[in-house]
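Chemist: Build me a structure from this.
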Amino acid sequence: MAERLRVVQGRIREALSRHPPRPVRVISACAGDGRDLLGALIGHPRAHDVVARLVELTPELLEAGRERASRAGLVGVEFKLGDAATSNAYAGAVPADIVLFCGVFGNISDVHVRGAIQHLPELCAKDATVIWTRGRFEPDLTPRIRDWFVESGFTELSFVTIAGSTKSVGAHRLTGAPKPFRPDVRLFTFLPPEERPSRLAESRTKGSTTNARP
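Modeler: Take a look at the predicted model:
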């Protein structure tokens, strides 16, 4: 996870450095304590150009993120308690120049992964960068995810696999036209914990380890 975090933060810094000299709008779905974005902003010359909304459903993580952002003097970073799976969570914060979808695709069905990607142009500004993560556990969905981004008007900037793990980080730029924002849209739905692809992959790995002979 530490290496995945490093790669995600690197992609965020690259996107910030590419951005024209004006405010940079960022949104983050299922943001947790915001370590992806906050770690990338600390020490970056464009940090105070960022106006961000990080959406998280767990109050404890939200408060931890707010405290860290406050300590770092990142006054443009807003933590919002809410359901990141609904478009209403981003009303007033879009169109965004950087969209973070980290830790989402491994917890929803394949159909909802594709649907979420199709909705992303409604959250994006022109030339926006979307940074996402997904495990490459079998069956590996990442080739199809990359195709779905292209089908939805994006061009791939990078796809990084994390050595020694199934983790991967993708970055895509919206080269098609952004779409109008629509309120009251369900972007995706989390599966029950026991049905999530990431959880099932962990169970298979543990089972293989348990059954292995010494």
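
Chemist: Name the residue closest to the centre of the protein, please.
Modeler: Centroid check for the chain by CA atoms, centre = their mean gives residue 101 as the closest residue, at 1.7 Å.

Chemist: residues contacting that one?
Modeler: Residues in contact with residue 101, defined by CB atoms under 8 Å, 6 or more residues apart in numbering, are 29, 116, 120, 130, 131, 132, 133. Quick note: C-beta positions are derived from backbone N, CA and C, even for glycine.

Chemist: any idea how far the first one is from residue 89?
Modeler: Which is residue 29. Residue 29 sits 8 Å away from residue 89 when distances are taken as CB to CB, to the nearest Å.

Chemist: got it, and the last one?
Modeler: Applying CB to CB, the value for residue 133 to residue 89 is 19 Å.

Chemist: returning to that earlier point: which of the contacts of residue 101 count as buried?
Modeler: When those are checked for burial by 16 or more other CB atoms under 10 Å, the buried set is 29, 116, 120, 130, 131, 132, 133.

Chemist: mind putting those residues in JSON lines, distance to residue 139 and pLDDT included?
Modeler: Output for the buried ones among the contacts of residue 101, formatted as JSON lines (distance: CB to CB, whole Å; pLDDT from 0 to 100):
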{"residue": "29", "distance to residue 139": "24", "pLDDT": "98"}
{"residue": "116", "distance to residue 139": "18", "pLDDT": "98"}
{"residue": "120", "distance to residue 139": "23", "pLDDT": "98"}
{"residue": "130", "distance to residue 139": "23", "pLDDT": "98"}
{"residue": "131", "distance to residue 139": "23", "pLDDT": "98"}
{"residue": "132", "distance to residue 139": "18", "pLDDT": "98"}
{"residue": "133", "distance to residue 139": "17", "pLDDT": "97"}
